[in-house]
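Student: for reference, the sequence and a predicted model appear below.
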Amino acid sequence: MNKLFLLYLILFGSISTAYTQGLEVHISGKGPKLILIPGLASSGEVWNETVAQLSQDYECHVLTLPGFGTNPAIDMPSGFITTMEKLLSDYILEQKEKVTLIGHSLGGFLSLRLSRSIPDQIQKAIIVDSFPFYSAAFNPAATAENMEGMASQMKQLMLSQSPDQYRAQQQATMPMMTINSEKLPLAVGWSMQSDRGTTAEAFYELMTTDFRQELAEVKTPILVLGAWASGKNYGMTEESVRKSFADQYRLAQNLQLELAPTAHHFIMWDNPEWFMEKVLAFIQ
């Protein structure tokens with residue numbers, strides 16, 4: 001755990017850890033409830049700096065999904081997305097009050113689904129660099145059907161790599177995800193600690209699940225914080241990425257879209273001041 005974050009909690013707040021049906025939950029602060037959901041193969045510790053600020057005025061529930069980081073995997077007979085949505089729904093319903101969701105990447109995708117499945121429990125949703133259809137962000141012609149073959153191949157590749165090959169692949173990929181060099185070892189470490197089968201299944205389902213049409217049923221106020229800078233070397237511009245986000249979210253009825261100035265995928269690490277400014281303005 002980040003030492004400054006731990007010191008803050010000792011001096012100004014408290015933290016409790018619990019496990020509920022596979023979810024690892026850290027709770028700190030007092031006030032309206034925020035549920036923070038990390039992305040693919042990430043620990044809830046990805047939110048440490050964010051929570052150090054938010055817990056001054058809010059009760060922060062930081063989750064680590066089963067199979068990610070050091071949280072053990074669970075059986076998923078109905079698949080990853082369905083299983084996680086059920087676990088998260090049950091946890092939110094236990095809170096007996098409306099909550100605001102903050103989800104990064106995969107956590108953002110799950111937050112969109114929760115805003116549709118339990119709308120009366122979701123006050124607002126903050127989606128951090130996530131799309132309702134992951135594959136269409138890179139291939140506008142993608143459909144859930146025509147991505148099946150590629151998704152299956154990538155899943156099998158992930159499962160077949162040796163630990164050394166998998167680590168090398170993670171070390172090569174992560175610099176495209178964050179410009180915060182101090183955080184790179186953390187992200188790689190979480191990937192290596194995570195259950196490979198869970199990660200591979202989650203990635204496969206993300207590539208083949210299209211939630212764009214269902215957004216028409218989502219009335220929850222949504223703030224989407226997108227990143228574009230990592231695409232500069234591949235011909236992407238701020239305008240082209242903004243259009244991609246706007247196209248995917250066009251059916252959402254209550255949407256605010258903001259693009260981070262220089263961040264890569266981990267916006268809360270790369271542009272923390274900008275990130276907190278947008279989050280606080282939206283939830284307040």
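Tutor: Yep, it's here.
Student: please count neighbours and contacts with C-alpha atoms only from this point.
Tutor: OK.
Student: strands of the protein, start to end?
Tutor: Along the chain, counting by DSSP state E, strands occupy 15-20, 23-28, 33-37, 59-64, 99-104, 122-128, 222-226, 255-259.
Student: out of the ones you listed, flag the one nearest residue 205.
Tutor: Closest to residue 205 of the strands of the chain is strand 99-104 (CA to CA; 16.5 Å).
Student: relative to strand 33-37, how tilted is that closest one?
Tutor: In terms of direction (axes from the mean of the first three to the mean of the last three CA atoms, to 10 degrees), strand 99-104 departs from strand 33-37 by 20 degrees.
Student: for strand 99-104, packing partners?
Tutor: Judged by 3 or more CA pairs under 8 Å, 6 or more residues apart in numbering; DSSP states H and E, the packing partners of strand 99-104 are strand 33-37, helix 106-117, strand 122-128.
Student: can I get the ones you listed in JSON lines including mean neighbour count?
Tutor: Below are the helices and strands packed on strand 99-104 laid out as JSON lines (neighbours: other CA atoms under 10 Å):
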{"stretch": "strand 33-37", "mean neighbour count": "25"}
{"stretch": "helix 106-117", "mean neighbour count": "23"}
{"stretch": "strand 122-128", "mean neighbour count": "24"}
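Student: can you put those in JSON lines and add mean pLDDT and distance to residue 249?
Tutor: Formatted as JSON lines, the helices and strands packed on strand 99-104 follow (pLDDT from 0 to 100; distance: least, CA to CA, whole Å):
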{"stretch": "strand 33-37", "mean pLDDT": "98", "distance to residue 249": "20"}
{"stretch": "helix 106-117", "mean pLDDT": "98", "distance to residue 249": "11"}
{"stretch": "strand 122-128", "mean pLDDT": "98", "distance to residue 249": "11"}
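Student: which of the ones you listed sits closest to residue 209?
Tutor: Ranking the helices and strands packed on strand 99-104 by proximity to residue 209 (CA to CA) places helix 106-117 first, at 10.1 Å.
Student: and that closest one, how far out from the chain middle?
Tutor: Mean-position distance between helix 106-117 and its chain equals 9 Å (CA atoms, centre = their mean, to the nearest Å).
Student: packing partners of it?
Tutor: The contact analysis (3+ CA pairs under 8 Å, 6+ apart) places helix 106-117 against helix 80-94, strand 99-104, strand 122-128.
Student: the bottom helix or strand of the protein by mean pLDDT?
Tutor: Least confident helix or strand, the chain: helix 3-12 with a mean of 43, by mean pLDDT, DSSP states H and E.
Student: flag the shaky bits of this structure, pLDDT-wise.
Tutor: Within the chain, the set of residues satisfying pLDDT under 70 comprises 1-20.
Student: what's the closest non-adjacent residue to the residue sitting nearest the centre point of it?
Tutor: Centre of the chain computed as the mean C-alpha position; nearest residue by CA atoms, centre = their mean is residue 104, 2.3 Å away. Counting by CA to CA, 6 or more residues apart in numbering, residue 128 is the residue found nearest to residue 104 once chain neighbours are left out, at 4.5 Å.
Student: roughly how far apart are the one you found and residue 276?
Tutor: For residue 128, the distance to residue 276 equals 12 Å [CA to CA, to the nearest Å].
Student: OK, contacts around residue 175?
Tutor: If you count contacts by CA atoms under 8 Å, 6 or more residues apart in numbering, residue 175 has them with 181, 184.
Student: same thing with residue 144?
Tutor: Shown in contact with residue 144 (CA under 8 Å, 6+ apart): 207-210.
Student: please report the distance of it from residue 100.
Tutor: Taking CA to CA, one finds residue 144 at 29 Å from residue 100.
Student: what's around the nearest residue to residue 174 once chain neighbours are set aside, how many residues?
Tutor: Nearest residue to residue 174, sequence neighbours excluded (CA to CA, 6+ apart): residue 184, at 6.5 Å. Neighbours of residue 184 under the rule other CA atoms under 10 Å: 16.
Student: surely residue 184 and residue 176 touch.
Tutor: No. The criterion here is CA atoms under 8 Å, and residue 184 misses it with residue 176 at 10.0 Å.
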